[in-house]
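In: Below is the sequence, then the predicted model.
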There are 2 protein chains.
Amino acid sequence: MGKTPAAAKRGIPFKTNFKEWYPFIVEAAELVDKRYPIKGMDVWRPYGWKTMRLIDNLTHREMERTNHEELNFPLLIPEDLLSKENRLVSLLKLAREKGVDPSELRMDEEKGGFAKEVYWVKHAGETELDNPMFLRPTSETAMYTMFPLWIRSHADLPLKTYQIVNTFRYETKQTRSFIRVREIHFFEAHTAHVDEASATYQINEDLEIVENLMNELKLPVLISKRPEWDTFPGAWYTIAIDVIMPDGRTLQVASVHHYRDQWAKAFDIKYEDELGKQRFVHQTTYGMSERLLGAIVGTHGDDKGLIMPPSVAPIQVIVIPIMPKKDNKVLETSQKLLSDLKNSGIRVKLDDRDIRPGQKYYDWEIKGVPLRIEIGPRDLANSSVMLANRFGEKSSYSIDKIIDTVRQELESMGDQMLKNSKEHFKNSIKKLPNFNSQGNLLEFEEPIDNSSVYEIAFDGTDAQSELLEKSTGLSFLGDSTTPYKEQRTCVISGKLTNRKVFLSKTY
Amino acid sequence: MGKTPAAAKRGIPFKTNFKEWYPFIVEAAELVDKRYPIKGMDVWRPYGWKTMRLIDNLTHREMERTNHEELNFPLLIPEDLLSKENRLVSLLKLAREKGVDPSELRMDEEKGGFAKEVYWVKHAGETELDNPMFLRPTSETAMYTMFPLWIRSHADLPLKTYQIVNTFRYETKQTRSFIRVREIHFFEAHTAHVDEASATYQINEDLEIVENLMNELKLPVLISKRPEWDTFPGAWYTIAIDVIMPDGRTLQVASVHHYRDQWAKAFDIKYEDELGKQRFVHQTTYGMSERLLGAIVGTHGDDKGLIMPPSVAPIQVIVIPIMPKKDNKVLETSQKLLSDLKNSGIRVKLDDRDIRPGQKYYDWEIKGVPLRIEIGPRDLANSSVMLANRFGEKSSYSIDKIIDTVRQELESMGDQMLKNSKEHFKNSIKKLPNFNSQGNLLEFEEPIDNSSVYEIAFDGTDAQSELLEKSTGLSFLGDSTTPYKEQRTCVISGKLTNRKVFLSKTY
């Protein structure tokens, strides 16, 4: 396994060897410690936790801007909220609405699926509990038990709430820091509205929030309406947001669900309209998780370590005094610079450890600090400093205008990161090779590339999407929310269509 | 059950009837909703959660000031970390150090006590787990499993960490919002040091942080070194911080523990000193919880509802336009005022609902908003506004200087709150009545008052403190950290002493 010359010293795998690079780097950069004695439950170290909290702050800001209120629900949910009656009632109602046979619906199965994934609390102290409880995998059942108590009339709507909490899934698949874990740092918004249109408006607001956040995190994303079989239980439809990781696999980092009044009917969430009539609310949810940090690590990192987007970098600027003989003037200037930058609201740290500057560079490179300022006696003499960005570009700047310079350089680092990630994103998306039908499968003229996302003009049936999945070994992500402007020919049916769909290997 | 005329309309019990007032007010002010179907696990509503997050922000600020780093540990702890060996080892070592028989120590029993209070996860999905886990009641065992991996040399010390998380206790006693709950919003700082003196320095820093926080929250407190039998398991000593609630019972809102190297020995947490020798670290912890909010509710509220300290009031100022006929000019001025105050960093809200002003006053009074601004046509004509504080004091102020006025009034609200709470505090502390020894008990000349805290000059033995507890029916809180400057006569032994101790009924 080869190493870059600099990285070799620190044992960093090449990023092209993503499977080894990723788990190595999340620990080497001190985001998490995986040595905690429960598989899939990492310890968040201060550097990782600070980054996550800065991501959360962007979320809080967007929630405040859009008048969502933060609340906090108990972690434990009584089993009986998931009772068979509830399941059955909702199942039957759903089936009636959709005009299908209940046996065709997957809600019961999916809920059963959740039940298979939850951690149970059946004992407390030395007592066996009469009412077993489970650790929330998500909070629909908990919240929708309370919503009927809070929603009385149309004047209570829209109800826009969210929480940032720990959720739990008993994962049996291989765990990966941030990407697939058993305790999940989770964001969930839950809203209730007077009607379907108002809920649809909320879905659009959610997608606008996604756009703002992804722009801050410099993450290009695929936004797709999931096929019906991949829709969240009880949802009318699901729109998912996927990042393309360096290995070409897609990582779902967020999802938005329109529930119509399906959950409301199961949980009896009604309001009195302006004419005094009782109506069911229409609901939406919007979820995100620590996977956002996984996406940042994967998308922006390089052979030297992380590269943190300036918006969420716990340290935006590291100041390194270069002191041949403990030069007091250099140290004083560095400290002055530190406090000037701090007072301007820039997250900055001074590294005055008594080790070689090269060693310090490595340490902050692996942590992905966007900007490094070096100050030595020669710089002082010129009233200047050396400013290097994490891409290795380095110039001398006047110390007088350093705050403005730093602001500009952080901005331009962000721009460069987005340019780079967009390029990788674009290069990862390919056209599907030509194929012939061969028995129950499609036979492709060129081999299907696991590390690519395939974009397809598609207007086929569910059965045909399944055929595509089977033949490629990839997953059908669903319809892009930005379809083709001009019609194209569906690769399967030959019909003209605007529909653009994606296939990929998923995390 | 009598009501004040204003409160009667809203059904608020008198505050003198604290037992009914408290549970009523926490729901009426929309801090929490207790109707969640698990006893002792409330839903935090937006107003309550925002207050708690503002309290947390004060804590974060103090932690940052004192160079603590925030991390985040998994919720679940494997049972085997609490194994009998660990317990035994620490028990024996402790006994050896203290020069006592291990059977005299309560550590094993106390840990067994924890085991009796924890929620167990023994099942996941349909699987019975090989290694049962429990929900953290506090994080010593989890953290001290990782500390040896992070601490190598004296250069890694002091290690100053903290987290703000949900913890769990299976309470069998009666639950009360914020005061005694089963899911606890919890703060815990854990530090490691080179020696006992350095850990003691940390204890002093913690007490300084307590002082800063209590000053922000306007809470006078008793600070006592708990008697040995009430010391946290594995601690050398415990200093606890108690608030005196309106019913005279004390509520422990924070505690600070000096562990010496007792836990370090049980968990093998060592460092290499400057001479290359392996030494055990000395540790401290500092804990606080949502009880701080319970103390705020209890200490500051009145017959009309809550009174929020300005430092943590989610809404510091409520602006109420008084519009006889939908006066646009009034509304515009109110909105301008809203944005001016907001831009000055003041937490402000405009109540432009179409209901009577009196109704609005009630709503914001019950929520304890410190300041109310009323703007009507007459005020506009005078370029002034009416400003009322939550104590009911009301004056007209020029609109030009309103931001400065609001800042001053918030400051003076805080001062007044502290003055009031100090007065209640002082009045609650009494001298112990004279007594005669009567068999195994003391017989007091006046009846012991359950709603008072008794301050005593005391230099007796543990047996004598127990005698005091039994005879009064109160709890021995321990030695005040501010002993008498001049010696007094111990009420029991008759010896001269500087020791000042407290007895109270506790929550």
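Out: That came in fine, so what should we check first?
In: pLDDT score assigned to the nearest residue to A:Glu365 once chain neighbours are set aside?
Out: Spatial nearest neighbour of A:Glu365, excluding adjacent residues (Cβ to Cβ, 6 or more residues apart in numbering or on different chains): A:Lys304 at 4.6 Å. Bear in mind the C-beta positions are built from the backbone N, C-alpha and C, glycine included. Here the pLDDT value assigned to A:Lys304 is 96.
In: is it true that A:Lys304 touches A:Ile366?
Out: Yes: using Cβ atoms under 8 Å, A:Lys304 is in contact with A:Ile366, at 6.6 Å.
In: what is in contact with those two at once?
Out: A:Ile12 (Cβ atoms under 8 Å, 6 or more residues apart in numbering or on different chains).
In: what is the rounded mean pLDDT of stretch A:152-160?
Out: 97.
In: is it anywhere near chain B?
Out: No: for stretch A:152-160, no contact with chain B is found by Cβ under 8 Å from any Cβ of the partner chain; the gap never falls below 9.4 Å.
In: Please point out which parts of that stretch sit buried.
Out: The neighbour-count check on stretch A:152-160 (16 or more other Cβ atoms under 10 Å in any protein chain shown) flags A:His154, A:Leu157, A:Pro158, A:Leu159, A:Lys160 as buried.
In: can you pull the contacts of the last one?
Out: Counting by Cβ under 8 Å, 6+ apart, A:Lys160 makes contact with A:Thr66, A:Asn67, A:His68, A:Glu69, A:Ala189, A:Thr191, A:Gln202.
In: Correct me if wrong, but it is in a strand.
Out: Yes: under DSSP: H, G, I helix; E, B strand; the rest coil, A:Lys160 falls within a strand.
In: Any chance of a ChimeraX selection covering the buried ones in the contacts of A:Lys160?
Out: Only the buried entries of these go into this ChimeraX selection, using 16+ other Cβ under 10 Å:
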select /A:66,68,69,189,191,202
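In: Kindly identify which of the contacts of A:Lys160 also come near chain B.
Out: A:Glu69.
In: is it true that A:Phe186 lies in a strand?
Out: Yes: counting by three-state DSSP, one finds A:Phe186 located in a strand.
In: How many neighbouring residues does it have?
Out: By other Cβ atoms under 10 Å in any protein chain shown, the residues close to A:Phe186 number 20.
In: That one reaches A:Gly287, doesn't it?
Out: Yes: A:Phe186 is within contact range of A:Gly287, at 7.0 Å (criterion: Cβ under 8 Å).
In: Find residues that contact each of the two.
Out: With Cβ under 8 Å, 6+ apart, A:Phe186 and A:Gly287 have common neighbours A:Thr138.
In: Just the buried residues of stretch A:414-429, please?
Out: Buried residues in stretch A:414-429 (16+ other Cβ under 10 Å): A:Gly414, A:Gln416, A:Met417, A:Leu418, A:Asn420, A:Ser421, A:Phe425, A:Ser428.
In: centre of the chain versus it, how much separation?
Out: Relative to the centre of its chain, stretch A:414-429 is centred 17 Å away, using Cα atoms, centre = their mean, to the nearest Å.
In: Would you mind writing the CA trace of that stretch as CSV?
Out: Extracted as CSV, the C-alpha positions of stretch A:414-429 are listed here (Å, rounded to 0.1, in the frame of the first residue of the first chain):
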residue,chain,number,x,y,z
GLY,A,414,-14.7,27.7,0.2
ASP,A,415,-15.2,28.6,-3.4
GLN,A,416,-12.3,26.4,-4.4
MET,A,417,-13.6,23.5,-2.3
LEU,A,418,-17.0,23.8,-4.0
LYS,A,419,-15.3,24.0,-7.5
ASN,A,420,-13.3,20.8,-6.7
SER,A,421,-16.2,18.9,-5.3
LYS,A,422,-18.4,19.9,-8.2
GLU,A,423,-15.8,18.6,-10.6
HIS,A,424,-15.6,15.2,-8.9
PHE,A,425,-19.4,15.1,-8.8
LYS,A,426,-19.7,15.8,-12.5
ASN,A,427,-17.0,13.3,-13.3
SER,A,428,-18.7,10.6,-11.3
ILE,A,429,-21.9,10.7,-13.3
